[in-house]
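Undergrad: Make a model of this:
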Amino acid sequence: MAYFTYGAIVVGSQEVSLKIYEISPKIGIRQIDYVNQYLDISKDAYSRRRIGMEQVEDICDTLIKYKDKLAEYNVKEVECKATSAIRSLENREMVIHQIKLRTGFDLQVPSNSEMRLLMYKGITLKKEDFNKIIAKNTAILDIGASSLQISLFDKQALSVTQNIRIGTLKTQDVLSKVEQNSLEYFSIVEEYIEYELNTFRSIYLKEKAIKNVIAIGDSSMNWAKIAPELRIADYLTREQVDYLYKKLRKATTKQIAVEYGVSYEVARYMLPSIIIYKNFLDQSKAEIIWLTKTNLCDGMVVDYSEREKKVLPVHDFDQDIVMAAKNFAKRYRYNKVHTAFVTNMALSIFDHTRKYHGLGKRERLLLELACLLHECGKFVNMNEPGMNGYQLITSTEIIGLSHRERDLVANVVLYNTTELPGYDDQHSYGTLDYLLIAKLTAILRLANVLDRSHKQKLADFTIIRKGNE
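TA: Have a look, this model is predicted:
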């Protein structure tokens, strides 16, 4: 049976992980090895926004050891990514350069929106019934060191995703001055988290009832150590969350670490995470939190397998990106009928002119997003829709897009109504990005002008090429 081996390396805030997988069209993706090395760079990364050469050397030494493990399995395809700890560094480029020189690995640093989508892809590897779970109103809580990402799914489609700055380490840093008084500290942490989640609920959740909650970023093994009597496996019930909440509230961080055999740092992070879970359950009326041991490595292998067409995707994540854009547009009162017409027309033009523009599937998705968002700027000011739309888009995370891709979409929206400058006048783009913006803008302009009246007068159309037109 033909199979491929793939290695996923993640440089995180507290460890460097390597997972090795076998990928087969017949049996799918199977993890065959997992090693990790504890390396805590979180404090310096998030407080000082720099890490020193000693920490860089530790990362490099670990990656060199991992090269031996990859060679043991004869792994040819390897990807290496970093999480928000590296992304937040002021000396990030120096760190990436040193890792390349020392180890040969090209460390990629995905944006927050790219990383979250990879995490969701990783869930499909661990939860075979992922599509069944998200068929009803489902919230995914991705608790990281610096932030909490909440994403809402309805009928298997992403409806809302929002990043909130209440990660475990971030919360600890904000409230460290009152940590010595454990009772006061607990109450203040609670109020701090409750305020942020209340804001999210009032804007996005409202009265919507959440049926399922999927938790990422918290190991069920740690909860099992705190309360072995609960026999925690794949999920936490509301009653179990309340039990853990009450148990943690009675103990100091030091007592938790000593009594239950977890590190002091892990014990500190348990407090904000259990409060987040409890508070979210209280506000959403959900009864169960599904636990998943997925990490970024799992999302990377799913993403690689889809890109290289090694296995069939189990969920259409591109459609989630489209749905996120539609909800973005809805927030700014877009003309739904006109936008649908322009989008359909633009994608038809794109498909019928592939031979001439030479663009692929990803660029088609960027065009679709630009079409969906091309009128959002009118909500701010009808006289400068392009510039207003550009500012709205560049100020908003769109899940699954890199900052570069988001900027490309914003520029296509800008130049839909604004003159595209000559290449020599616009030095901020590389040649390829400039040409891509020009091509997508031309298609959007043509599609948009065909419904200038917003009355959809073209009930049917055929696209052909005669001569040079």
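
Undergrad: What strand or helix carries the residue positioned nearest the centre of the chain?
TA: Within the chain, one residue has its C-alpha closest to the average C-alpha position: by CA atoms, centre = their mean, that is R116, at 1.6 Å. Counting by DSSP states H and E, the element that carries R116 is helix 112-126.

Undergrad: I'd like the average pLDDT over that helix.
TA: Helix 112-126 shows a mean pLDDT of 87 in the predicted model.

Undergrad: re the thing from before, now do the residue nearest to the centre of the chain against L148, distance only.
TA: Counting by CB to CB, to the nearest Å, the gap from R116 to L148 is 11 Å. The way it works is simple: take the backbone N, C-alpha and C, and place the C-beta from them, glycine included.

Undergrad: Now stretch 252-271: buried residues?
TA: Neighbour-count burial for stretch 252-271, with 16 or more other CB atoms under 10 Å as criterion, is recorded at 252-253, 256-257, 260, 262, 265-271.

Undergrad: Now secondary structure, pLDDT and distance to P421 too, for these, in JSON lines please.
TA: As requested, the buried residues of stretch 252-271 are arranged in JSON lines below (DSSP: H, G, I helix; E, B strand; the rest coil; pLDDT from 0 to 100; distance: CB to CB, whole Å):
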{"residue": "T252", "secondary structure": "coil", "pLDDT": "77", "distance to P421": "61"}
{"residue": "T253", "secondary structure": "helix", "pLDDT": "77", "distance to P421": "56"}
{"residue": "I256", "secondary structure": "helix", "pLDDT": "84", "distance to P421": "59"}
{"residue": "A257", "secondary structure": "helix", "pLDDT": "84", "distance to P421": "59"}
{"residue": "Y260", "secondary structure": "helix", "pLDDT": "82", "distance to P421": "62"}
{"residue": "V262", "secondary structure": "coil", "pLDDT": "78", "distance to P421": "57"}
{"residue": "E265", "secondary structure": "helix", "pLDDT": "72", "distance to P421": "51"}
{"residue": "V266", "secondary structure": "helix", "pLDDT": "76", "distance to P421": "53"}
{"residue": "A267", "secondary structure": "helix", "pLDDT": "79", "distance to P421": "56"}
{"residue": "R268", "secondary structure": "helix", "pLDDT": "76", "distance to P421": "51"}
{"residue": "Y269", "secondary structure": "helix", "pLDDT": "78", "distance to P421": "49"}
{"residue": "M270", "secondary structure": "helix", "pLDDT": "82", "distance to P421": "53"}
{"residue": "L271", "secondary structure": "helix", "pLDDT": "78", "distance to P421": "52"}
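
Undergrad: Nearest to L369, out of these: which one, please.
TA: Within the buried residues of stretch 252-271, distances to L369 taken as CB to CB reach their minimum at Y269, with 35.4 Å.

Undergrad: count of neighbours near the closest residue to that closest one other than its chain neighbours?
TA: Nearest residue to Y269 in three dimensions, chain neighbours excluded: T168, at 3.9 Å (CB to CB, 6 or more residues apart in numbering). The criterion is other CB atoms under 10 Å. On that basis, T168 has 26 neighbouring residues.

Undergrad: Check the one 3 residues further on too.
TA: Counted with other CB under 10 Å, the burial measure for T171 works out to 26 neighbours.

Undergrad: ok, so what distance separates it from K309?
TA: The gap separating T171 from K309 is 42 Å, by CB to CB.

Undergrad: the helices in the stretch 151-300 of the chain, which residues?
TA: 168-174, 182-200, 220-226, 238-249, 253-260, 264-284, 296-307 (DSSP state H, counting those that start in this stretch).

Undergrad: which parts of the second one are buried?
TA: Judged by neighbour count using 16+ other CB under 10 Å, the buried positions of helix 182-200 are S182, Y185, F186, I188, V189, E190, I193, E194, E196, L197, F200.

Undergrad: For the last one, which residues are in contact?
TA: The neighbours of F200, taking CB atoms under 8 Å, 6 or more residues apart in numbering as the test, are I150, Q162, I164.

Undergrad: JSON lines for the residues you listed, including pLDDT?
TA: Compiled in JSON lines, those are given as follows (pLDDT from 0 to 100):
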{"residue": "I150", "pLDDT": "90"}
{"residue": "Q162", "pLDDT": "85"}
{"residue": "I164", "pLDDT": "87"}
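
Undergrad: List the buried residues in stretch 207-214.
TA: Under the neighbour-count rule (16+ other CB under 10 Å), stretch 207-214 has I210, K211, N212, V213, I214 buried.

Undergrad: related to what we said a few turns ago, ok, so what distance separates the residue nearest to the centre of the chain from A325?
TA: Using CB to CB, which is the criterion applied here, R116 is 15 Å from A325.
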